[in-house]
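# Only the shape, not the letters, is given here:
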Ligand SMILES: CC(C)(COP(=O)(O)OP(=O)(O)OC[C@H]1O[C@@H](n2cnc3c(N)ncnc32)[C@H](O)[C@@H]1OP(=O)(O)O)[C@@H](O)C(=O)NCCC(=O)NCCS
């Protein structure tokens, strides 16, 4: 089955909301992935987004904003049924290829979200700092950058 990388648009929004809901159904509303509809909907509207599809199903997505010298990633998620299949790796590599020289990628992750940290480190993101008491549970945020 081939993975299709797609720039997400208006017609993809129900699938985007469905993917996030599937994660909330699986793990609940946790500080490390806190995307209730009232936060998610404006984020989807105001961000650029890219996703992977397999046979018509949205399997993973990234929301991000383009700033002058960096693309700031705000949401990274794969559907629980499509984990560990490399889809997020494909999407992050897509952004790395698309951003051009001189543009950095920025994102933050909860210190307890080890799966996400492994993903970013595998792709060459480096820790750039920490923000204490950043999340609702007072957990620390690790800031990662990619500047290849
Ligand atoms: C973290 C998350 C985005 C990873 O997505 P994914 O589609 O499973 O990631 P990929 O299949 O592309 O994984 C690529 C690499 O990431 C790392 N990785 C991913 N999940 C991992 C896990 N559970 N444990 C350890 N390493 C993991 C591995 O290095 C993996 O490569 P490998 O399979 O060859 O070992 C996904 O688990 C998710 O959506 N979690 C819930 C939402 C979330 O926490 N988002 C991140 C917020 S910062």
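Okay, I see it. Bear in mind that the values here come from a model prediction, so they are computed numbers and not experimental data.

# report the longest helix in the protein, please.
Secondary structure of the chain per DSSP state H: the longest helix is helix 13-27.

# Now do the buried residues in that helix.
Of the residues in helix 13-27, 15, 16, 19, 20, 22, 23, 24 count as buried by neighbour count, 16 or more other Cβ atoms under 10 Å. C-beta: built from backbone N, CA, C; applies to glycine.

# how many neighbours does the residue nearest to residue 27 when sequence neighbours are not counted have?
For residue 27, ignoring the flanking residues on the chain, the nearest one in space by Cβ to Cβ, 6 or more residues apart in numbering is residue 33 at 6.8 Å. Here the count is done by other Cβ atoms under 10 Å, and residue 33 has 18 residues near it.

# And residue 33, how far from the ligand?
Residue 33 sits 4 Å away from the ligand when distances are taken as Cβ to the nearest ligand atom, to the nearest Å.

# likewise residue 4?
Between residue 4 and the ligand the computed distance is 15 Å (Cβ to the nearest ligand atom).

# tell me the contacts of that residue?
52, 53, 54 (Cβ atoms under 8 Å, 6 or more residues apart in numbering).

# Now residue 66: phi and psi?
phi -90, psi 110 (degrees, to the nearest 10).

# mind listing the helices for the protein?
Residue ranges of the helices in the chain, as given by DSSP H, are 13-27, 37-46, 87-99, 114-122.

# Pick the one among the contacts of residue 4 closest to the ligand.
Comparing these against the ligand with Cβ to the nearest ligand atom places residue 52 closest, at 8.7 Å.

# list the contacts for the residue nearest to residue 27?
Contacts here follow Cβ under 8 Å, 6+ apart; on that basis residue 33 touches 23, 24, 27, 77, 113.

# Keep only those of the buried residues of helix 13-27 that are also close to the ligand.
Restricting the buried residues of helix 13-27 to those within reach of the ligand (Cβ under 6 Å from any ligand atom) leaves residue 23.

# Tabulate the buried residues of helix 13-27 (JSON lines), appending pLDDT.
Formatted as JSON lines, these follow (pLDDT from 0 to 100):
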{"residue": "15", "pLDDT": "98"}
{"residue": "16", "pLDDT": "98"}
{"residue": "19", "pLDDT": "98"}
{"residue": "20", "pLDDT": "98"}
{"residue": "22", "pLDDT": "98"}
{"residue": "23", "pLDDT": "98"}
{"residue": "24", "pLDDT": "97"}
